[in-house]
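J.: sequence and predicted model, in that order:
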Amino acid sequence: MNAPSTHPAPAATEKADDIILEVRGLKTYFPVKKGIWRRVVGHVKAVDGVDLTLRRGETLGLVGESGCGKTTLGRSIIRLIEPTAGSIHFHHGGERIDLMQLGRGEMRRLRRELQYIFQDPFSSLNPWMNVFDIVSEPLVVNRVASGSELRGRVESLIRRVGLKPDHLRRYPYAFSGGQRQRIGIARALALNPSLIIADEPVSALDVSVQAQILNLLEELQDEFNLTYIFVAHDLSVVEHISDRVAVMYLGEIVETAESGELYRNPSHPYTAALLSAVLDPDPDRRPERPRMKGIVPDPADAPPGCKFHTRCLYAEPHCAREVPVLREVAPGHESKACASCLERMRAEATGRAAEGVESASDRAEDVPHVSPAPLAAPVEDADNSPSNEGKQ
């Protein structure tokens with residue numbers, strides 16, 4: 001049985017019409033098997049009791065180290081991976097639909113509203129299908145369009161993501177990473193979804209191409225009223241695109257806040273450590289950087305109590321016994337840090353301010369943010385190299 005959620009019902013704090021997704025107590029465990037009989041001897045707790053509320057039209061950034069469970073959480077939400085326990089409620093057409101109770105056929109129909117952009121823009125595209133077949137497949141499978149209508153919709157999608165109609169005859173090998181990701185975005189848009197989960201969609205791309213893809217995602221969000229869950233480990237990218245940020249560690253959400261608030265006032269030592277890893281463009285500045293000790297624990301054998309206590313510089317004996325819960329530390333800002341940890345973090349921040357030493361959050365505020373250049377359509381960038389243009 002799941003432990004009762006410590007969060008209030010969303011209707012008590014927000015208008016129900018503003019909510020598109022509610023996740024409560026979500027768990028996704030993978031069995032660990034050993035021996036000749038392959039007996040289950042434990043579980044990898046990839047997602048361990050996650051609570052999330054997503055508002056319509058917003059972008060929620062999901063950040064954390066590799067292996068913290070970000071991708072598994074995203075795939076579990078739309079049941080590409082079957083969750084072990086918990087509830088997922090999707091608000092659509094005036095109804096509050098429990099995704100965990102849907103059968104395979106019902107879930108397949110609802111996936112018109114729930115789409116996914118995969119991290120690797122090459123392995124997620126079928127090398128034996130050309131671009132037209134890839135982008136049109138969702139429309140054909142769901143019997144949305146056929147014939148000339150189908151071709152017209154696919155050409156419109158391809159133009160909208162910055163490619164050309166004559167690209168439709170080519171195969172994935174003929175495109176660079178940025179172009180492949182545009183194809184993946186066009187495929188995700190084909191059924192006009194309400195929610196898109198973007199799993200590190202720019203991590204494999206060059207910086208200049210990253211900027212173009214981020215601009216494209218923002219333009220599409222405004223045009224089609226999309227809601228995003230944006231999975232990433234690059235905090236500068238998340239800051240640029242996200243309205244709110246959720247920080248994951250060992251399968252749990254340890255902090256959530258509006259993007260600006262989280263970057264200014266991190267209220268969990270793990271968040272502060274992640275922010276300290278963001279590179280400073282000024283080589284002459286030597287800010288004091290908070291650090292983590294130790295290494296990431298095995299998710300199949302997570303520490304008792306607070307999962308972060310084995311790496312936390314502020315850990316106390318009670319941290320190994322008491323399991324923290326998300327609690328509000330400021331309006332709209334929740335953290336799993338204990339009271340003593342928060343007090344010591346704030347005292348150190350005050351001391352640094354008095355001594356004139358920059359913290360990671362101060363540095364993030366001080367460096368001017370330069371937005372990427374607007375996206376031109378069709379895009380003629382490094383992706384459209386002569387060698388690629390000549391391939392068929």
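T.: Done, it's in.
J.: against which helices or strands is the strand or helix carrying residue 253 packed?
T.: Per DSSP states H and E, residue 253 falls inside strand 252-258. Judged by 3 or more CB pairs under 8 Å, 6 or more residues apart in numbering; DSSP states H and E, strand 252-258 is in contact with strand 39-55, strand 244-249, helix 269-276, strand 333-335. C-beta here means a position set from N, CA and C on the backbone, and glycine is covered the same way.
J.: one more time with 6 Å
T.: strand 244-249, strand 333-335 (3 or more CB pairs under 6 Å, 6 or more residues apart in numbering; DSSP states H and E).
J.: now those strands as JSON lines including mean neighbour count and distance to residue 273?
T.: Formatted as JSON lines, those follow (neighbours: other CB atoms under 10 Å; distance: least, CB to CB, whole Å):
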{"stretch": "strand 244-249", "mean neighbour count": "24", "distance to residue 273": "10"}
{"stretch": "strand 333-335", "mean neighbour count": "22", "distance to residue 273": "14"}
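J.: to residue 180, which of these lies closest?
T.: With respect to residue 180, and counting by CB to CB, the nearest of the helices and strands packed on strand 252-258 is strand 244-249 at 26.9 Å.
J.: what angle sits between that closest one and strand 252-258?
T.: 160 degrees (axes from the mean of the first three to the mean of the last three CA atoms, to 10 degrees).
J.: partner strands of strand 244-249, with direction?
T.: Sheet pairing of strand 244-249 (DSSP bridges) gives strand 59-63 (parallel), strand 252-258 (antiparallel).
J.: pLDDT of that strand, averaged?
T.: The predicted model assigns strand 244-249 a mean pLDDT of 96.
J.: go on, stretch 277-294?
T.: Rounded mean pLDDT across stretch 277-294 is 71.
J.: how about stretch 351-371?
T.: For stretch 351-371, the per-residue pLDDT averages 54.
J.: now do the residue nearest to residue 75 when sequence neighbours are not counted against residue 46, distance only.
T.: For residue 75, ignoring the flanking residues on the chain, the nearest one in space by CB to CB, 6 or more residues apart in numbering is residue 81 at 4.4 Å. Taking CB to CB, to the nearest Å as the measure, residue 81 falls 9 Å from residue 46.
J.: so those two - more neighbours on which side?
T.: Using other CB atoms under 10 Å as the criterion, residue 81 and residue 46 rank with residue 46 on top: 24 against 17.
J.: spatially, what comes nearest to the more buried one if we skip its sequence neighbours?
T.: The spatially closest residue to residue 46, leaving aside those adjacent along the chain, is residue 72, at 4.2 Å (CB to CB, 6+ apart).
J.: what's the burial count for that neighbour?
T.: A count of nearby residues for residue 72, using other CB under 10 Å, gives 21.
J.: who does the helix or strand harbouring it touch, helix- and strand-wise?
T.: Residue 72 belongs to helix 70-77 when assigned by DSSP H and E. With contacts defined as 3+ CB pairs under 6 Å, 6+ apart, helix 70-77 has these neighbours: strand 39-55, strand 195-199, strand 227-231.
J.: measure how it sits relative to strand 227-231, angle-wise.
T.: Using the same axes, to 10 degrees: helix 70-77 against strand 227-231 is 150 degrees.
J.: after helix 70-77, next one along is what?
T.: strand 85-92.
J.: can you list the strands that whatever helix or strand comes next after that following strand pairs with?
T.: The helix or strand immediately downstream of strand 85-92 is strand 95-98, counting by DSSP H and E. Its sheet considered, strand 95-98 pairs with strand 85-92 (antiparallel) by DSSP bridges.
J.: give me the contacts around the strand it pairs with.
T.: By CB atoms under 6 Å, 6 or more residues apart in numbering, the list of residues contacting strand 85-92 from outside reads 2, 19-27, 77, 96-100, 113.
J.: give me the contact list for stretch 188-198.
T.: With CB under 6 Å, 6+ apart as the test, stretch 188-198 has contacts from 74, 112-117, 138-139, 157, 226-230.
J.: how far does stretch 107-117 sit from its chain's centre?
T.: Its chain's C-alpha centre lies 17 Å from the corresponding centre of stretch 107-117 when counted by CA atoms, centre = their mean, to the nearest Å.
J.: state the mean pLDDT of that stretch.
T.: Here stretch 107-117 scores 93 as its mean pLDDT.
J.: contacts for it?
T.: Outside stretch 107-117, the residues that touch it by CB under 6 Å, 6+ apart are 78-79, 92, 184, 188, 191, 193-198, 201.
J.: any weak-confidence spans in this structure?
T.: Low-confidence segments of the chain (pLDDT under 70): 1-17, 285-290, 352-392.
J.: gap between the residue nearest the centre of the chain and residue 273?
T.: The centroid of the chain falls nearest to residue 231 when counting by CA atoms, centre = their mean (1.9 Å). According to CB to CB, residue 231 stands 19 Å off from residue 273.
J.: what of residue 230?
T.: Relative to residue 273, residue 230 is positioned 21 Å away (CB to CB).
J.: neighbour count winner among those two?
T.: More crowded of residue 230 and residue 273, by other CB under 10 Å: residue 230, with 26 against 21.
J.: what about residue 109, which SS state?
T.: The three-state label given to residue 109 by DSSP: H, G, I helix; E, B strand; the rest coil is helix.
J.: could you give the number of residues near it?
T.: 10.
J.: now residue 173
T.: Count around residue 173 with other CB under 10 Å applied: 11.
J.: so what's it closest to, chain neighbours aside?
T.: Per CB to CB, 6+ apart, closest to residue 173 is residue 127, 6.4 Å.
J.: cool, thanks, signing off.
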